[in-house]
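Peer 1: next come a sequence and a model predicted from it.
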Amino acid sequence: MRVSFVSAHMKLTLYDNLKRSVAHLVYVFKIDVAPAITGRPRKIKKQEALVLALYQHTSTRATKRSVYEDLKHMLKCSYKTLVVAMNEAGMLTLRLLFLLMRVGRKNASRVKYTDATDLPVCLKKNADIHKVMQDFAGFGYSAKGWYFGLKLTMTRDEEGRILGLYVTPPWMNDRDIFRTINKDIEGILVADAGYVSKQLEEDMHIEGKRWTLIRPYRTMKRLATFGQLEMYRGRFQIELDFRSLKLFFGLVTSLPRSVNGYLSNYLHALLAFAVR
């Protein structure tokens with residue numbers, strides 16, 4: 001009984017903290033979340049739906065059902081209503097992520113890192129029968145082997161600020177994505193050997209404003225300064241970000257039954273990670 005009481009208290013504390021964080025973001029960015037004047041009033045308002053979505057991804061809840069079971073005494077609505085509200089909150093999440101990245105670019109440190117990771121939408125053996133994301137997903141290859149899903153490319157600075165996000169099919173060229181995601185970012189852009197391209201370095205270079213530092217293949221005879229080696233070693237930070245997003249923030253899932261469900265899951269996980 002004591003354990004149950006402590007667990008319930010922790011859930012409410014986390015929910016209240018997230019509620020304050022979301023309210024602060026909405027206030028700072030002056031986002032209008034007022035309900036529509038016409039039509040039926042929402043059972044779950046936009047801002048509250050976002051709090052519930054962040055609660056799922058911050059509390060390591062794997063499903064929306066578990067969120068409903070945790071907080072149904074507060075919600076007073078059906079499970080379906082909760083799912084619809086959380087999926088619709090994806091647009092508010094997207095807007096907040098965009099604003100946070102814009103602020104992050106203004107305050108970013110000089111060195112930035114860009115990398116990509118796989119976003120499987122189902123097991124590879126189920127690709128032929130997977131219908132929900134069949135128009136968007138495809139087969140890709142990562143360090144873990146072949147997968148069926150999407151690809152997330154992210155740029156972040158040394159201090160952990162997310163500066164750019166891009167979700168694409170896995171067959172898209174990494175160098176083209178690099179150009180797109182970093183076109184408005186200045187400083188030193190560091191990437192791994194998968195982006196090796198003399199043309200890319202020349203295209204991205206802006207004298208006195210932007211430099212591209214791509215780790216060469218081991219077979220390439222190229223000297224590096226101690227400073228460059230130190231920046232290469234800093235790449236582990238973005239790899240840890242991807243690991244945390246997948247293990248602790250529920251970035252990868254195969255449970256949604258709609259395209260909106262998949263996309264909102266990615267957005268909610270990224271925002272939960274950004275405001276952690």
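Peer 2: In hand now; what should we look at?
Peer 1: so how far is the lowest-mean-pLDDT helix or strand in the chain off the chain centroid?
Peer 2: Least confident element among the helices and strands of the chain, by mean pLDDT, DSSP states H and E: helix 226-233 (a mean of 76). When distances are taken as Cα atoms, centre = their mean, to the nearest Å, helix 226-233 is centred 26 Å away from the chain's centroid.
Peer 1: can you give me the buried ones in whatever helix or strand comes next after that helix?
Peer 2: Downstream of helix 226-233, the first helix or strand assigned by DSSP states H and E is helix 236-248. Burial within helix 236-248, assessed by neighbour count using 16 or more other Cβ atoms under 10 Å, is assigned to 238, 241-242, 245-246. In this view, the C-beta of every residue, glycine as well, is placed from N, C-alpha and C.
Peer 1: what pLDDT does the model give the residue nearest to residue 135 when sequence neighbours are not counted?
Peer 2: Nearest residue to residue 135 in three dimensions, chain neighbours excluded: residue 259, at 8.0 Å (Cβ to Cβ, 6 or more residues apart in numbering). The predicted structure scores residue 259 at 95 on the pLDDT scale.
Peer 1: number of nearby residues for residue 259?
Peer 2: Residue 259 has 14 neighbouring residues, counting by other Cβ atoms under 10 Å.
Peer 1: same question for the one 10 residues further on.
Peer 2: The number of residues packed near residue 269 is 24, by other Cβ under 10 Å.
Peer 1: just residue 93 next, same as before
Peer 2: Here the neighbour count serves as a burial measure; for residue 93 (other Cβ under 10 Å) it reads 25.
Peer 1: hmm, residue 269 and it touching each other?
Peer 2: No - applying Cβ atoms under 8 Å, one finds residue 93 not in contact with residue 269, separated by 9.6 Å.
Peer 1: about what we covered before: out of the buried residues of helix 236-248, which comes closest to residue 121?
Peer 2: For those, the residue nearest residue 121 by Cβ to Cβ is residue 246; the value is 13.4 Å.
Peer 1: list the residues that contact the closest one.
Peer 2: Contact criterion Cβ atoms under 8 Å, 6 or more residues apart in numbering gives 117, 252 as the residues in contact with residue 246.
Peer 1: need the strands for the chain, in chain order.
Peer 2: Counting by DSSP state E, the chain forms strands over residues 111-122, 138-142, 145-157, 162-168, 187-191, 210-214, given from the N-terminal end onward.
Peer 1: elements contacting the second one?
Peer 2: Spelled out, that is strand 138-142. On a contact count with 3 or more Cβ pairs under 8 Å, 6 or more residues apart in numbering; DSSP states H and E, strand 138-142 meets strand 111-122, strand 145-157.
Peer 1: and with 7 Å instead?
Peer 2: Other elements packing on strand 138-142 under the criterion 3 or more Cβ pairs under 7 Å, 6 or more residues apart in numbering; DSSP states H and E are strand 145-157.
Peer 1: in the strand it packs on, what's buried?
Peer 2: Residues 147-157 are the ones in strand 145-157 that count as buried (16+ other Cβ under 10 Å).
Peer 1: before we move on, what about stretch 90-100?
Peer 2: Neighbour-count burial for stretch 90-100 flags 90, 92-94, 96-97, 100 (criterion: 16+ other Cβ under 10 Å).
Peer 1: could you list the domains of the protein?
Peer 2: Each domain of the chain is listed here as a residue range: 2-88, 109-257, per automatic domain parsing.
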